[in-house]
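Asks: What shape does this take:
(chains A and B)
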Amino acid sequence: MSTLRKITAWLIPALCLLYIASAVFDATRPSTGLNFKNFGTLPVVSNGRVQPLDSLARNALLSIHGKQSVPGDDAPAAPAAWLAELNFKPELADTRKIFPIHHDDLLGLTKLTRGEEKSYSYAQLQPSFTAVQPEAKRIGATDSKTWSPYEKALMLLTRNLTLYNQLKHALALSGQDHLESAFNLFLTDSASSRLGLVSDWAEMTEVYTTPSGSGADGWRKLPDSLIDASDERALHPATLAYARMGDAYRAGDTAAFNSAIKDYRAWLLENRPDHLKKSSAETLFNSIAPFYLCMVLYVIAFLCAIVSWLWQGTTFRQAAFRVLLIGLTFHTLGLVTRMMLEGRPPVTNLYSSAIFIGWGAIILSLAIELFHRNAIGTAVASVVGFATLLIAHHLSLSGDTLEMMRAVLDTNFWLATHVVVITLGYASTFLAGTIALVYLLRRSFGSIPKNTAASLRGMVYGVVCFATLASFVGTVLGGIWADQSWGRFWGWDPKENGALLIVIWNAIILHARWGGMIRERGMMVMAVFGNIVTSWSWFGTNMLGIGLHSYGFTDAAFYWLSAFMISQVIVMSLGLIRERGPQKPSGQVESLG
Amino acid sequence: MPSFKFLSSLRLTVTLLGFAMVLIFVATITQVELGIHEVQAQFFRSWIAWWDIMPGSKKFSIPVPGGTLLGILLIINLLAAHGARFKLNWNKAGMIVIHSGILLMLLGEIFTGLLGREAQMVISEGEILNYSTFPREVELVVIRPDGDGLETVTAIPQARLKDGAEFPFGGFSVKIHSYYPNSEILPDSEATDKFDKTRATQGLGKDYAVLRTPRESTDDRRDLVTAFVEVIPDGGISQGCWLLSNAFKGEQSFEAAGRPWKMSIRPRRIYHPFSIKLLDFSHDRYLGTDVPKNFSSKIRILNPDTGENREDLIYMNHPLRYGGLTFYQAGFENNDMTSIFQVVRNPVWTLPYISCAMVGLGLLWVFSQHLIKAISRRNKISPAP
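Replies: Residues are numbered from 1 along each chain as shown, chains lettered A, B, ... in the order given. Model prediction:
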């Protein structure tokens, strides 16, 4: 291999590393002006867990707006900056167009007209609250399964408005010119006359800002901390800090804003070091966004793999493999960080299952690539990695992905065994299906050289074997968990049935192969059907009991799931077409290392 | 023999597994309409299952082989295949272990169905109970108080409750005037024309009307089992008509054969040779949410036979195994004052553990063999680059 090629094989991965380094540098660089980076790290309790204001702001924006940014030229750049504006200058935040309205009937109800963008501001929506609220009340009384698209859209808007209002009242008392002096009134004898005001305020928010007691359960809302203050005749350092931040923000006093944050962080470091460290780590994790970087790398790895098939075999095959390794390293770091933040095994909800399925499939593909060295493993790994992270991104739109575990799931032992193993079963079944897709698609573009076909066949067979093992053991471990926690091994519920379908389908492929009922092509077609079975088990079963908290998401997911299944059926039917003409001589498109 | 060849063929295995997938899929989507219990009975514990293509409309159903049929055929196929091709060597040993494990698991499910029993204990703080109840089954009890707090209880199982059925009690008999497997009960003033004309003349239910309704199929709803019951002295005329239902709490009294009696319809009970006292139930939620953080019940076990008297804690994923029964924290009600335990007897609960280990190790063994073969084959063809 020439020196130039050797350099190319290292140059592409090196550029990728540079790209990552710049992203990390960006995320860690201290901010100038109002220090929203530090503001974002401040811990609060929301959704039952300690989290940084940064996460609170990002998840709210994702839920409301569908993205983590606020539109407009003068709009706050970071989610945390938007949260500060929402609390300290609500009249300005109310003009940000972050509420998307897609449904025409809903738009008609709000008496707004369709503009360039499809999103509207709180201020624009406010006049129509008198029309929206009775509708929400009427619809809320009916069964959510019967809701029309208009009704779903209206309920989603109502939910987002509620969320918006709750955040708006998290850190400041509205209608006060100077927060610190308003709060100080609670320390005087006239405090009792103000308690009514506080109890109204406490109704408006579900964010707990002020550490008190021990652990995450003792935190108090800002208004409640004022009641405590009137007993103790002193403002809590957190309460005082938020008042000062608010006043400085309004006055445009950068130094005062930053020093209020700095003082409070110093107090936290002294008194709540664990909570501060956790929320700082989570903020850093949020701003580096490792899974987004991974997606970029997987696209590059895939392109390199394709190039290696068409041209310059070894050089680009190696480059692809190295880029994939960098991606996997970051994927692993992200996964481990999430585990440390939660104090849990890797899979705790649908979102993390997507992250883990991608990770598991890539690890398996790496083994395949090391075994076969023909870039197929790398290509498949990057496709599965990219697709699962994309799915994870869309799942994250429904809210906090580091949510607390319900009591019934609160056992690290079973999360670490059953859930991890069954998720590897999903991952390997998808992997076998994706390799089979490569086979069927390449076959439909021309015949596949004999040795490539043989290695693809070996890969699919091997992965199906692994999938059988993982899905079987995972399913039975689930049964044993059920036996431990409910007293029944098997209850035929949708999720259990879905897992069983994967086990049976893999067993069918193996038995059909052993019995000579299918050969290479048949096995590939059946492996692609494995994708349909697994996607049903992963998502389809969740859509059966369409519940209140899944609206919005479920409809879109149902559409995508159906589209995915149809696409798989199309590829399967490609596989059923017989070979056209005599086989071409091998070695045209192929280059083996 | 062609028929044996067919029974032992892999083609049959694949066909049966294919039908199993159809059955499981159809049963899963039918759960949206029917509850899980109905689906289990109609699809998995049946020979033929009828799949309602348009759920609820009952217009167009097609038959699919049911769980019992497929299970038995799969066992026959498995035994025949291994019988036909049985050879004891290391290559086959893994396969034999895998399939023995699967057989054990299928048998385990059959025995669980036959021997297992699931009941509930609904117990309030401070209460002492020595029985569990079956939430989907009732019994009609007639109770003779014997003084000193002792009672003689006669329980009539639900299966024997029918219109016109009569049960003698030495001196009088209890006659079922009309029986409703499920019903709606409303005060007279709110009842419409659809409600039955029968009215109670005695007891708690005098001002209520009853409407016959179809039995509940979903999991979260219970049948309201109701009966109009007459007490008739031997050779005499009826003392009147009582309305009994599991909708009413407590018993209703009457006088017959010169002494007081009580009767009621209540969830069927099963008694234990020990008692459980609920000391405390706690239920924490995550701050600012309705997401349950934990449920736990502090209990005391009182066993007069062994003299045991000790405290224990039952919580999620930590059941109490005692006296051949397992108590699971299943729920709560009554403003967190009442705890609900699932009480399970399953003598074969260890089978899935054994079979899982067998199949898992067997699969690992067989697939490692495949892998080693593949690696050595590759090394022969092309030495590693």
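Asks: Which helix in chain A has the most residues?
Replies: helix A:450-485 (DSSP state H).
Asks: Now find how far off-centre it is within its chain.
Replies: 26 Å (CA atoms, centre = their mean, to the nearest Å).
Asks: mind listing what's buried in the helix or strand following that helix?
Replies: As assigned by DSSP states H and E, the chain's next helix or strand after helix A:450-485 is helix A:494-514. For helix A:494-514, burial by neighbour count (16 or more other CB atoms under 10 Å in any protein chain shown) applies to A:494-513. Every C-beta, even on glycine, is put in place using the N, C-alpha and C of the backbone.
Asks: Determine the set of other helices and strands touching helix A:494-514.
Replies: Contacts defined by 3 or more CB pairs under 8 Å, 6 or more residues apart in numbering or on different chains; DSSP states H and E place helix A:494-514 against helix A:420-444, helix A:450-485, helix A:520-535, helix A:541-544, helix B:10-30.
Asks: Quick one: closest of these to residue A:361.
Replies: Residue A:361 sits nearest to helix A:420-444 of all those, at 4.3 Å, using CB to CB.
Asks: follow-up on the earlier one: is chain B contacted by the longest helix of chain A?
Replies: Yes. Counting by CB under 8 Å from any CB of the partner chain, chain B is contacted by helix A:450-485 at A:458, A:461-462, A:465-466, A:468-469, A:472-473, A:476-477, A:479-480, A:483-485.
Asks: Counting neighbours, which bits of that helix end up buried?
Replies: Of the residues in helix A:450-485, those buried (16+ other CB under 10 Å) are A:451-453, A:455-485.
Asks: quick one, strands of chain A?
Replies: A:43-46, A:49-52, A:97-100, A:119-121, A:208-210, A:220-221 (DSSP state E).
Asks: which of the ones you listed sits most buried?
Replies: The highest mean neighbour count among the strands of chain A, using mean count of other CB atoms under 10 Å in any protein chain shown, belongs to strand A:43-46: a mean of 26.
Asks: Which parts of the chain belong to which domain?
Replies: Going with chain A. A:33-281, A:282-576 (automatic domain parsing).
Asks: that answer is for a different chain, and I need it for chain B
Replies: Split by automatic domain parsing, chain B gives B:2-115+B:350-381, B:118-128+B:272-345, B:134-270.
Asks: can you list the ones you listed in TSV and add mean neighbour count?
Replies: Output for these, formatted as TSV (neighbours: other CB atoms under 10 Å in any protein chain shown):
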stretch	mean neighbour count
domain B:2-115+B:350-381	16
domain B:118-128+B:272-345	17
domain B:134-270	16
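Asks: Worst mean pLDDT across the helices and strands of the chain, which element?
Replies: Since no chain was named, I'll use chain A. Between all helices and strands in chain A, the lowest mean by mean pLDDT, DSSP states H and E belongs to helix A:541-544, at a mean of 75.
Asks: ah, I was thinking of chain B
Replies: Lowest-scoring helix/strand for chain B, mean pLDDT, DSSP H and E: helix B:36-39, at a mean of 79.
Asks: dump the residue contacts of the residue of chain A found nearest chain B.
Replies: Going by CB to the nearest CB, chain B is nearest to residue A:48 of chain A, at 2.6 Å. Neighbouring residues of residue A:48 by CB atoms under 8 Å, 6 or more residues apart in numbering or on different chains: A:216, A:403-404, B:285-289, B:291, B:293.
Asks: Tell me the one of those residues nearest residue A:198?
Replies: residue B:288 (17.0 Å).
Asks: where's the closest one relative to residue A:170, distance?
Replies: Separation of residue B:288 from residue A:170 (CB to CB, to the nearest Å): 11 Å.
Asks: Quickly list what's touching both of the two.
Replies: residue A:207.
Asks: Leaving aside the residues adjacent along the chain, what's closest to the residue positioned nearest the centre of chain A?
Replies: The centre of chain A sits closest to residue A:396, judged by CA atoms, centre = their mean, with a distance of 3.3 Å. For residue A:396, ignoring the flanking residues on the chain, the nearest one in space by CB to CB, 6 or more residues apart in numbering or on different chains is residue A:351 at 5.7 Å.
Asks: Brilliant, that's me finished.
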